[in-house]
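[1] 3D model of this:
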Amino acid sequence: MSDHERPAYGGRLLMGVAWAVLLLGLWLWGREITDVRQGISAPVSGDVAAVGRPPRVDLPPAAQPLGDALPQRLDIPGLGIQAPVIARGLDTHGAIEPPPYAQANLVGWYAAGVKPGAAGAALLVGHVDTETRPAVFYKISALKPGATVRILRDDGKLAEFTVDDVQVVARDRFDARQAYGAHRSGRSELRLITCGGAFDRATRSYTANVIVSAYLTGTGL
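    Predicted structure coming up:
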């Protein structure tokens, strides 16, 4: 089906994610820069913004990073998400290739980057919706600091991450260093990225990206 033939609800390919990772080279550079200032933030409406930021949440201490192992499944208990993770590379435009559009329940992991649970920031991408229904990352903008994200690895360990930052970033304000660089030296961190903002029917893309940041706080077998 060509783009102009897609139904009104859909045509919503992961254009926001593709746009975001056009600066992948800056991300690779940012992996070496670990002093990015960290803050607690979340998508806010005009009403919430008028009364200030949400109160700071007490977050657990970071756990020691694990060794390298491949991710197999992503679990977000608070959203009811259990999704297989597949390795992805770059497309012809230099952007991270998302999971197949026909399998929008999958999560893509950038396999040339950090493995989830190891030191550094691992990058996961997913579709926000399909032509007919919500997709795997449809609800991740609703996550709050303190929420739990788990990665089942092929070494049998369950890497448990705690969300510390959720942002909706407009395209013209996207900062690859902040999005992809590790927030603190020596930690194991995770980024979940999908489309956000409004869907622009003229360009058939979203106006922003949702970026969820989390860090390793526990492990299990």
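
[2] Excluding sequence neighbours, find me the nearest residue to Ser141.
    Val210 (4.6 Å; Cβ to Cβ, 6 or more residues apart in numbering). Bear in mind the C-beta positions are built from the backbone N, C-alpha and C, glycine included.

[3] From what I see, that neighbour and Phe174 are in contact.
    No. Here Val210 does not reach Phe174: they are 11.9 Å apart, not a contact under Cβ atoms under 8 Å.

[4] more neighbours, the two?
    In terms of neighbours (other Cβ atoms under 10 Å), Val210 is the more surrounded of Val210 and Phe174; the figures are 25 against 17.

[5] quick one: contacts for the more buried one?
    Going by Cβ atoms under 8 Å, 6 or more residues apart in numbering, Val210 touches 43, 128, 137, 140-141, 166-169, 192-196.

[6] Same question for Glu97.
    So Glu97 contacts Arg88, Gly89, Leu90, Asp91, Gly108 (Cβ under 8 Å, 6+ apart).

[7] Pro60 now?
    Contacts of Pro60 (Cβ under 8 Å, 6+ apart): Thr162, Thr217, Gly218.

[8] can I get those in JSON lines with secondary structure?
    Formatted as JSON lines, the contacts of Pro60 follow (DSSP: H, G, I helix; E, B strand; the rest coil):
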{"residue": "Thr162", "secondary structure": "strand"}
{"residue": "Thr217", "secondary structure": "strand"}
{"residue": "Gly218", "secondary structure": "strand"}
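
[9] Tell me the one of the residues you listed nearest Pro100?
    Comparing the contacts of Pro60 against Pro100 with Cβ to Cβ picks out Thr162 as the nearest, at 30.2 Å.

[10] got the contact list for the helix or strand harbouring Asp75?
    If you go by DSSP states H and E, Asp75 is part of strand 71-76. With contact meaning Cβ under 8 Å, 6+ apart, strand 71-76 is reached by 81-85, 107, 109, 115-117, 122, 124, 140, 143, 147-154.

[11] Please tell me I have it right and Gly78 contacts Thr148.
    Yes. With contact defined as Cβ under 8 Å, Gly78 reaches Thr148; the gap is 6.8 Å.

[12] quick one on the thing from earlier: of all the contacts of Val210, which comes closest to Ala202?
    Cys195 (15.7 Å).

[13] How much space separates Pro77 from Leu143?
    Per Cβ to Cβ, to the nearest Å, Pro77 is found 11 Å from Leu143.

[14] These two: which has the busier surroundings?
    Applying other Cβ under 10 Å to Pro77 and Leu143 shows that Leu143 carries more neighbours, namely 22 against 11.

[15] where along the protein do the helices fall?
    Taking DSSP state H as the criterion, the chain carries its helices at 15-20, 24-30, 46-50, 176-180.

[16] so for the second one, what's the average pLDDT?
    Looking at helix 24-30 alone, the average pLDDT works out to 40.

[17] what does the first one give?
    The predicted model assigns helix 15-20 a mean pLDDT of 42.

[18] go on, stretch 194-203?
    In this model, stretch 194-203 has an average pLDDT of 76.

[19] still on that earlier bit, of the contacts of Glu97, buried ones?
    Buried by 16 or more other Cβ atoms under 10 Å: Arg88, Gly108, out of the contacts of Glu97.

[20] Quick check: of the contacts of Glu97, which lies closest to Val57?
    Closest to Val57, out of all of these and judged by Cβ to Cβ, is Gly108, at 28.5 Å.
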